[in-house]
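>>> Quick one, fold the following:
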Amino acid sequence: MSDESRPSPAQTPVAAVIPAAGRGVRLGPGAPKALRALNGTPMLIHAVRALAASRHVSLVIVVAPPDGAAEVKSLLDAHALPGGTPSGSWGRTDFLVVPGGETRQESVRLGLDAVPPEYGVVLVHDAARPLVPVDTVDGVIEAVREGAPAVVPALPLADTVKEVEPAAVPGAPEPVVATPVRARLRAVQTPQGFDRATLVRAHETVTDDVTDDASMVEQLGLRVVTVPGHEEAFKVTRPLDLVLAEAVLARRRLNDGF
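Numbering: from 1, shown residues only. I've put the predicted structure just below:
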(Lines give C-alpha, C1' and ligand atoms only; values in the text may rest on other atoms or scores of the structure.)
Protein backbone atom coordinates (compact mmCIF):
# COMPACT_ATOMS: atom_id res chain seq x y z
CA MET A 1 0.00 0.00 0.00
CA SER A 2 1.49 3.38 -1.02
CA ASP A 3 1.68 6.39 1.29
CA GLU A 4 -0.87 8.14 -0.93
CA SER A 5 -3.47 5.38 -0.59
CA ARG A 6 -2.81 4.56 3.07
CA PRO A 7 -5.54 5.88 5.40
CA SER A 8 -4.63 8.76 7.70
CA PRO A 9 -3.45 8.03 11.26
CA ALA A 10 -6.86 9.06 12.58
CA GLN A 11 -8.50 6.26 10.58
CA THR A 12 -6.10 3.40 11.17
CA PRO A 13 -5.63 0.90 13.99
CA VAL A 14 -2.76 1.23 16.45
CA ALA A 15 0.10 -1.24 16.90
CA ALA A 16 2.56 -1.25 19.79
CA VAL A 17 6.14 -2.52 19.65
CA ILE A 18 7.78 -3.54 22.92
CA PRO A 19 11.53 -4.18 22.59
CA ALA A 20 12.37 -6.72 25.30
CA ALA A 21 15.67 -8.13 24.07
CA GLY A 22 17.98 -6.37 26.54
CA ARG A 23 19.79 -7.96 29.47
CA GLY A 24 19.26 -5.20 32.04
CA VAL A 25 22.74 -5.38 33.57
CA ARG A 26 22.05 -2.60 36.07
CA LEU A 27 19.58 -4.87 37.85
CA GLY A 28 22.37 -7.37 38.38
CA PRO A 29 22.87 -10.95 37.20
CA GLY A 30 19.97 -13.23 36.40
CA ALA A 31 17.10 -13.16 33.96
CA PRO A 32 16.79 -10.38 31.36
CA LYS A 33 15.26 -7.25 32.88
CA ALA A 34 11.93 -7.65 31.06
CA LEU A 35 11.49 -11.11 32.57
CA ARG A 36 12.19 -10.07 36.17
CA ALA A 37 9.23 -10.73 38.44
CA LEU A 38 7.14 -7.84 39.75
CA ASN A 39 4.55 -8.98 42.27
CA GLY A 40 5.09 -12.51 40.97
CA THR A 41 4.52 -11.58 37.32
CA PRO A 42 7.26 -10.71 34.79
CA MET A 43 7.59 -7.01 34.08
CA LEU A 44 7.04 -7.73 30.39
CA ILE A 45 3.57 -9.08 31.10
CA HIS A 46 2.68 -5.98 33.11
CA ALA A 47 3.89 -3.79 30.23
CA VAL A 48 1.97 -5.77 27.60
CA ARG A 49 -1.21 -5.63 29.64
CA ALA A 50 -0.78 -1.89 30.18
CA LEU A 51 -0.79 -1.26 26.43
CA ALA A 52 -3.51 -3.81 25.71
CA ALA A 53 -5.68 -1.96 28.23
CA SER A 54 -6.05 0.87 25.72
CA ARG A 55 -9.16 0.50 23.59
CA HIS A 56 -7.14 1.90 20.67
CA VAL A 57 -4.34 -0.70 20.66
CA SER A 58 -5.28 -3.76 18.61
CA LEU A 59 -1.83 -5.32 18.11
CA VAL A 60 1.12 -5.71 20.49
CA ILE A 61 4.41 -6.95 19.04
CA VAL A 62 6.94 -8.17 21.59
CA VAL A 63 10.53 -8.19 20.37
CA ALA A 64 12.22 -11.04 22.23
CA PRO A 65 15.92 -11.78 22.74
CA PRO A 66 17.34 -13.26 19.52
CA ASP A 67 17.40 -16.75 21.01
CA GLY A 68 14.43 -16.31 23.33
CA ALA A 69 11.36 -15.96 21.12
CA ALA A 70 9.99 -19.38 22.08
CA GLU A 71 10.39 -18.60 25.77
CA VAL A 72 8.56 -15.29 25.43
CA LYS A 73 5.75 -16.94 23.43
CA SER A 74 5.33 -19.50 26.21
CA LEU A 75 5.34 -16.70 28.78
CA LEU A 76 2.55 -14.83 27.01
CA ASP A 77 0.56 -18.03 26.69
CA ALA A 78 1.01 -18.83 30.38
CA HIS A 79 -0.50 -15.46 31.27
CA ALA A 80 -3.38 -15.79 28.80
CA LEU A 81 -1.65 -13.53 26.27
CA PRO A 82 -0.97 -15.95 23.41
CA GLY A 83 1.76 -15.11 20.92
CA GLY A 84 3.10 -16.76 17.80
CA THR A 85 2.77 -16.67 14.05
CA PRO A 86 0.10 -15.92 13.14
CA SER A 87 -0.54 -13.87 16.26
CA GLY A 88 -2.67 -15.09 19.11
CA SER A 89 -5.37 -12.89 20.57
CA TRP A 90 -6.58 -11.78 23.99
CA GLY A 91 -9.82 -9.85 24.11
CA ARG A 92 -9.68 -7.28 21.34
CA THR A 93 -5.87 -7.30 21.16
CA ASP A 94 -3.65 -9.51 19.00
CA PHE A 95 -0.13 -10.48 20.02
CA LEU A 96 2.94 -11.34 18.00
CA VAL A 97 6.45 -12.31 19.14
CA VAL A 98 9.47 -11.71 16.90
CA PRO A 99 13.19 -12.21 17.59
CA GLY A 100 15.17 -9.05 18.17
CA GLY A 101 18.63 -7.82 17.30
CA GLU A 102 21.84 -6.93 19.07
CA THR A 103 20.82 -3.33 19.83
CA ARG A 104 17.61 -1.65 20.91
CA GLN A 105 17.47 0.28 17.64
CA GLU A 106 17.75 -2.92 15.62
CA SER A 107 15.11 -4.63 17.76
CA VAL A 108 12.64 -1.79 17.27
CA ARG A 109 13.23 -1.93 13.52
CA LEU A 110 12.57 -5.68 13.48
CA GLY A 111 9.36 -5.13 15.43
CA LEU A 112 8.35 -2.33 13.08
CA ASP A 113 8.99 -4.59 10.08
CA ALA A 114 6.43 -7.02 11.53
CA VAL A 115 3.64 -4.42 11.73
CA PRO A 116 1.03 -5.10 9.02
CA PRO A 117 0.57 -2.29 6.48
CA GLU A 118 -2.91 -1.30 7.64
CA TYR A 119 -1.56 0.07 10.93
CA GLY A 120 -0.95 3.80 10.56
CA VAL A 121 0.00 4.57 14.17
CA VAL A 122 2.83 2.77 15.98
CA LEU A 123 3.78 3.01 19.64
CA VAL A 124 7.21 2.04 20.95
CA HIS A 125 7.24 1.17 24.64
CA ASP A 126 9.94 0.13 27.09
CA ALA A 127 9.26 -3.24 28.70
CA ALA A 128 10.97 -1.74 31.76
CA ARG A 129 8.07 0.73 32.20
CA PRO A 130 5.52 -1.85 33.35
CA LEU A 131 3.12 0.46 35.19
CA VAL A 132 2.29 3.13 32.61
CA PRO A 133 -1.37 4.17 33.11
CA VAL A 134 -3.78 3.68 30.23
CA ASP A 135 -4.61 7.41 30.21
CA THR A 136 -1.00 8.14 29.29
CA VAL A 137 -1.12 5.59 26.47
CA ASP A 138 -4.35 7.09 25.14
CA GLY A 139 -2.97 10.64 25.38
CA VAL A 140 -0.04 9.73 23.15
CA ILE A 141 -2.30 8.03 20.59
CA GLU A 142 -4.72 10.95 20.47
CA ALA A 143 -1.91 13.42 19.80
CA VAL A 144 -0.63 11.34 16.86
CA ARG A 145 -4.13 11.02 15.48
CA GLU A 146 -4.47 14.79 15.69
CA GLY A 147 -1.53 15.17 13.31
CA ALA A 148 1.74 15.10 15.26
CA PRO A 149 4.32 12.88 13.51
CA ALA A 150 5.97 11.97 16.83
CA VAL A 151 4.72 12.24 20.40
CA VAL A 152 6.45 11.56 23.72
CA PRO A 153 4.99 11.58 27.24
CA ALA A 154 7.15 13.74 29.49
CA LEU A 155 7.38 15.17 33.00
CA PRO A 156 8.93 18.41 34.29
CA LEU A 157 12.14 17.87 36.22
CA ALA A 158 12.07 18.21 40.00
CA ASP A 159 15.85 18.54 40.32
CA THR A 160 18.21 21.18 39.01
CA VAL A 161 20.39 19.68 36.27
CA LYS A 162 24.08 20.39 35.71
CA GLU A 163 26.00 19.83 32.50
CA VAL A 164 29.49 18.58 33.35
CA GLU A 165 32.74 17.57 31.74
CA PRO A 166 32.71 13.79 32.32
CA ALA A 167 35.53 12.50 34.49
CA ALA A 168 38.09 10.16 32.95
CA VAL A 169 37.90 7.99 36.08
CA PRO A 170 34.49 6.96 37.49
CA GLY A 171 33.79 8.68 40.80
CA ALA A 172 36.29 11.50 40.27
CA PRO A 173 35.13 15.16 40.61
CA GLU A 174 33.56 16.54 37.43
CA PRO A 175 33.74 20.25 36.49
CA VAL A 176 30.35 21.92 35.93
CA VAL A 177 30.05 23.39 32.43
CA ALA A 178 26.54 24.86 32.54
CA THR A 179 23.20 24.86 34.36
CA PRO A 180 20.34 24.46 31.86
CA VAL A 181 17.10 26.32 32.54
CA ARG A 182 15.03 23.68 34.34
CA ALA A 183 11.69 25.07 33.12
CA ARG A 184 12.67 24.13 29.56
CA LEU A 185 13.65 20.54 30.41
CA ARG A 186 11.50 17.41 30.48
CA ALA A 187 12.11 13.80 31.45
CA VAL A 188 10.87 11.65 28.59
CA GLN A 189 8.93 8.40 29.07
CA THR A 190 7.23 5.83 26.86
CA PRO A 191 5.15 4.79 25.01
CA GLN A 192 6.33 7.11 22.28
CA GLY A 193 3.86 7.38 19.43
CA PHE A 194 4.46 7.89 15.72
CA ASP A 195 2.84 8.21 12.39
CA ARG A 196 3.94 4.86 11.01
CA ALA A 197 5.42 6.22 7.77
CA THR A 198 7.49 8.74 9.76
CA LEU A 199 8.94 6.06 12.03
CA VAL A 200 9.77 3.81 9.08
CA ARG A 201 11.56 6.69 7.36
CA ALA A 202 13.50 7.48 10.55
CA HIS A 203 14.74 3.90 10.86
CA GLU A 204 15.70 3.84 7.18
CA THR A 205 17.59 7.14 7.44
CA VAL A 206 19.19 7.48 10.87
CA THR A 207 22.11 5.17 11.57
CA ASP A 208 23.48 6.85 14.70
CA ASP A 209 23.15 5.04 18.01
CA VAL A 210 20.20 6.69 19.77
CA THR A 211 18.50 6.32 23.14
CA ASP A 212 14.95 6.79 21.92
CA ASP A 213 13.02 6.75 18.66
CA ALA A 214 11.78 10.34 18.93
CA SER A 215 15.37 11.59 18.62
CA MET A 216 15.56 9.81 15.26
CA VAL A 217 12.54 11.78 14.07
CA GLU A 218 14.17 14.97 15.36
CA GLN A 219 17.17 14.21 13.15
CA LEU A 220 14.82 14.19 10.16
CA GLY A 221 13.91 17.78 11.03
CA LEU A 222 10.32 16.86 11.87
CA ARG A 223 8.24 18.07 14.79
CA VAL A 224 8.20 16.08 18.02
CA VAL A 225 5.70 17.12 20.70
CA THR A 226 5.25 16.16 24.33
CA VAL A 227 2.08 15.26 26.22
CA PRO A 228 1.79 14.88 29.98
CA GLY A 229 3.52 11.78 31.31
CA HIS A 230 2.83 10.10 34.64
CA GLU A 231 4.97 9.48 37.70
CA GLU A 232 4.01 5.79 37.65
CA ALA A 233 5.47 5.34 34.16
CA PHE A 234 8.99 5.33 35.61
CA LYS A 235 11.65 3.00 34.24
CA VAL A 236 12.62 0.01 36.38
CA THR A 237 16.38 0.02 36.05
CA ARG A 238 17.89 -0.50 39.51
CA PRO A 239 16.94 -2.73 42.46
CA LEU A 240 15.35 0.21 44.31
CA ASP A 241 13.02 0.74 41.34
CA LEU A 242 11.63 -2.77 41.89
CA VAL A 243 10.78 -1.84 45.48
CA LEU A 244 8.99 1.29 44.28
CA ALA A 245 7.11 -0.65 41.61
CA GLU A 246 5.94 -3.21 44.16
CA ALA A 247 4.67 -0.35 46.32
CA VAL A 248 2.73 1.13 43.38
CA LEU A 249 1.11 -2.24 42.67
CA ALA A 250 0.20 -2.66 46.33
CA ARG A 251 -1.46 0.76 46.33
CA ARG A 252 -3.36 -0.08 43.16
CA ARG A 253 -4.66 -3.33 44.65
CA LEU A 254 -5.75 -1.48 47.75
CA ASN A 255 -7.45 1.33 45.84
CA ASP A 256 -9.12 -0.42 42.95
CA GLY A 257 -8.40 -4.11 43.10
CA PHE A 258 -5.85 -3.97 40.25
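>>> now the strands for the stretch 151-258 of the chain?
163-164, 176-178, 186-188, 192-195, 224-228 (DSSP state E, counting those that start in this stretch).
>>> Compare these and report which one is nearest to residue 116.
Ranking the strands of the stretch 151-258 of the chain by proximity to residue 116 (Cβ to Cβ) places strand 192-195 first, at 15.7 Å. C-betas here are computed from N, CA, C, even on glycine.
>>> Packing partners of the closest one?
Packed against strand 192-195, as judged by 3 or more Cβ pairs under 8 Å, 6 or more residues apart in numbering; DSSP states H and E, are the following elements: strand 121-124, helix 134-145, strand 150-156, helix 213-219.
>>> repeat that with 10 Å
strand 14-19, strand 121-124, helix 134-145, strand 150-156, helix 196-205, helix 213-219, strand 224-228 (3 or more Cβ pairs under 10 Å, 6 or more residues apart in numbering; DSSP states H and E).
>>> which one of the ones you listed is the most hemmed in?
strand 14-19 (a mean of 28; mean count of other Cβ atoms under 10 Å).
>>> strands paired with the following helix or strand past that strand, and their directions?
Sequence-wise, the next helix or strand downstream of strand 14-19 (DSSP states H and E) is strand 37-38. Strand pairing for strand 37-38, determined by DSSP bridges: strand 41-42 (antiparallel).
>>> pLDDT of stretch 114-122, averaged?
When pLDDT is averaged over stretch 114-122, the result is 96.
>>> what's the answer for stretch 133-143, then?
Mean pLDDT, computed over stretch 133-143, is 97.
>>> Indicate which one of the helices and strands packed on strand 192-195 is closest to residue 47.
Using Cβ to Cβ, the helices and strands packed on strand 192-195 put strand 14-19 closest to residue 47, at 5.9 Å.
>>> avg pLDDT for that closest one?
97.
>>> what pairs with it, and is each one parallel or antiparallel?
strand 57-64 (parallel), strand 121-124 (parallel).
>>> just how off-centre is the last one within its chain?
So that's strand 121-124. Relative to its chain's centre, strand 121-124 lies at 9 Å (Cα atoms, centre = their mean, to the nearest Å).
>>> The first one too?
A distance of 11 Å separates the centroid of the chain from that of strand 57-64, by Cα atoms, centre = their mean.
>>> which element follows it toward the C-terminus?
Going down the chain from strand 57-64, the next helix or strand is helix 69-78, by DSSP H and E.
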